[in-house]
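Enquirer: Kindly generate the corresponding structure for this input.
(one chain, ligands or ions: 1)
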Amino acid sequence: MNFRVLYKTKVEYADLSARVYQGCSNFCKYCYCRIFCFEKGIYKDFKQTNVKSKFSGRAELVKAIKHDIKQLSNNHSLYLYFNTDPFNTLDEEKEFTNVVIEEVLKSTNWRIYTLTKRPKVGFNKIKKVVHEFEKNELEKSREGILRFINVDITQGKNNICDRLWFGITITCVNDEVHSTSLGDLEMYSDRNSERVKYIAKVKELGVKTWVSIEPIIPFIVHEDGKVEYIVENPIEIIQEFEKQNILPDLVIIGRLNHIKQFYEHGLGVRYNPKIEEMYNKWYVENIPKLLKFLRERNIKFVLKKELEQTLNSGF
Ligand code: SF4
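Expert: Here you go, the predicted model:
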């Protein structure tokens, strides 16, 4: 198919995604896209945080989405995004993520999943979409009432609540990933405690929520072999949501990949192959407990394939 903005992903749980921005303003030291762009020479500096878009404005983007939607059937799911944060610093100004969401909500029956580490900005954007959508649906219903009297005016609200999912990435319940002795691992993102707070707000809005616990980085290993722990027990993340009565509707669980590049480019630490074995051992010991905990609560989850392979290897 000849797509201009959408594409089929290779991520096991995700159907479609979109290429609206290039680059990401959140400087995550483990970021696969960042590693890829740096190694391919697309980024001159690993710390690069500028974001660009090939779309000059709203009209051009809408035209591209309409073009792509025409080639697809109903019943797709769109994930925003896998190469940047949907509410990155450029989006604050351009609002292209909202343009995509609004157009897809309007023209299809697809579900849309946003995934952010900047929920402070993201929440207001999503709130705007929800209010706009409800307003339009209400208008349509009013017209319908005049004509048919029996139109269900709650339909608009139910429709958007089922179709729009707001997700956050969170791998640690406290703010440790932001304060390791080798620097902040998610430099320009909202703190973890803030992310939890905004999931509560999104729930109040009536939108479905999901949480990506990926990549779980239980510790970092210093060159002298000293281990600095970040995550003691991943169950604590879900317990925090449970304590606040805001359990997410879906959880994704994934391991740290590209460990060598994370150490050498992100942390600036010489890589030792033994580190990978240490991570594998930790995942095999701790992840099954997390899965049991989720199953006991009937929380829907997806175990990413790389982590599943690690667990199956019975390391
Ligand atoms: S938010 Fe995602 S895309 Fe952006 S730097 Fe972090 S891992 Fe990379």
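Enquirer: how about the host helix or strand of Asn124, does it get close to the ligand?
Expert: Assigned by DSSP states H and E, Asn124 belongs to helix 119-148. No: judged by CB under 6 Å from any ligand atom, helix 119-148 makes no contact with the ligand; its nearest approach is 11.6 Å. Where C-beta positions appear, they are placed from N, C-alpha and C, glycine not excepted.
Enquirer: just checking, what packs against that helix?
Expert: helix 89-94, helix 96-107, strand 111-116, helix 155-163, strand 164-169, helix 192-205 (3 or more CB pairs under 8 Å, 6 or more residues apart in numbering; DSSP states H and E).
Enquirer: again, 6 Å this time
Expert: If contacts are counted by 3 or more CB pairs under 6 Å, 6 or more residues apart in numbering; DSSP states H and E, helix 119-148 sits against helix 96-107, helix 155-163, helix 192-205.
Enquirer: of the ones you listed, which approaches the ligand most closely?
Expert: With CB to the nearest ligand atom as the criterion, the ligand lies closest to helix 192-205 of the helices and strands packed on helix 119-148, at 12.0 Å.
Enquirer: what's the angle from that closest one to strand 111-116?
Expert: Interaxial angle of helix 192-205 relative to strand 111-116 (axes from the mean of the first three to the mean of the last three CA atoms, to 10 degrees): 150 degrees.
Enquirer: Show me the helices in this structure, by range?
Expert: All helices of the chain, identified by DSSP state H, fall at 32-39, 58-70, 89-94, 96-107, 119-148, 155-163, 192-205, 235-243, 259-261, 274-296, 305-312.
Enquirer: Same list (those) but as CSV, adding mean neighbour count, mean pLDDT and distance to Gln48.
Expert: Listed next are those as CSV, based on neighbours: other CB atoms under 10 Å; pLDDT from 0 to 100; distance: least, CB to CB, whole Å:
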stretch, mean neighbour count, mean pLDDT, distance to Gln48
helix 32-39, 18, 95, 8
helix 58-70, 16, 98, 23
helix 89-94, 18, 98, 13
helix 96-107, 20, 96, 20
helix 119-148, 16, 80, 20
helix 155-163, 16, 68, 34
helix 192-205, 18, 95, 24
helix 235-243, 17, 96, 30
helix 259-261, 18, 97, 15
helix 274-296, 15, 97, 26
helix 305-312, 15, 96, 26
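Enquirer: okay, the helices and strands packed on helix 119-148 in a markdown table with distance to Leu78 next?
Expert: Formatted as a markdown table, the helices and strands packed on helix 119-148 follow (distance: least, CB to CB, whole Å):
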| stretch | distance to Leu78 |
| --- | --- |
| helix 96-107 | 6 |
| helix 155-163 | 10 |
| helix 192-205 | 18 |
